[in-house]
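Engineer: Task: produce atomic coordinates for the following.
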Amino acid sequence: QVQLVESGGGLVQAGGTLRLSCAASGINFRINAMGWYRQAPGKQRELVATITMSGTTYYADSAKGRFTISRDDAKNTVYLQMNSLKPEDTAVYYCQSKRQLPPSQTYWGQGTQVTVSA
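Structural biologist: Presented below is the predicted three-dimensional model:
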């Protein structure tokens, strides 16, 4: 059974920091690209950052310079360090795994709420 379990969300003031974690089980973590997405109320889910199995990272413009995605293959965990948080970062943050070798498989976590107060 595949599980992606996010943690680390919460309420923080603008300018603060949070570190999200996503612990994966039931997948071969090392051959999966991992990603963080977010969905604000009334908006579509959007990409925040991704990291490939080889460690190549990609960031949405909104995350560049403030967020850092990393992975620990020994712990089957992906992280999202979020600094200089803004009220517009308020959303439910979701973890995604995407297998990079065939067959392609994608899984999602249940999400963790991040609320940034002004």
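Engineer: Taking the centroid of the chain, which residue is nearest it?
Structural biologist: residue 36 (2.5 Å; Cα atoms, centre = their mean).
Engineer: If you count neighbours, what's buried in the host helix or strand of it?
Structural biologist: Using DSSP states H and E, residue 36 sits in strand 32-39. By neighbour count on 16 or more other Cβ atoms under 10 Å, the buried set for strand 32-39 is 32, 33, 34, 35, 36, 37, 38. C-beta coordinates here come from the backbone N, C-alpha and C atoms, glycine included.
Engineer: what's near enough to touch the third one?
Structural biologist: So that's residue 34. By Cβ atoms under 8 Å, 6 or more residues apart in numbering, the contact set of residue 34 is 22, 24, 50, 51, 69, 71, 78, 95, 96, 97, 98.
Engineer: that older thread, on the pLDDT front, check the residue nearest to the centre of the chain for me.
Structural biologist: On the pLDDT scale, residue 36 is placed at 98.
Engineer: same check, this time on residue 97
Structural biologist: On pLDDT, residue 97 comes in at 98.
Engineer: just residue 63 next, same as before
Structural biologist: In this model, residue 63 carries a pLDDT of 98.
Engineer: pretty sure it is in a helix, no?
Structural biologist: No - if the criterion is DSSP: H, G, I helix; E, B strand; the rest coil, then residue 63 is coil and not within a helix.
Engineer: what's the spacing between it and residue 81?
Structural biologist: 11 Å (Cβ to Cβ, to the nearest Å).
Engineer: Out of those two, name the residue with the larger neighbour count.
Structural biologist: Each of residue 63 and residue 81 has its neighbours counted (other Cβ atoms under 10 Å); residue 63 has more, 20 against 15.
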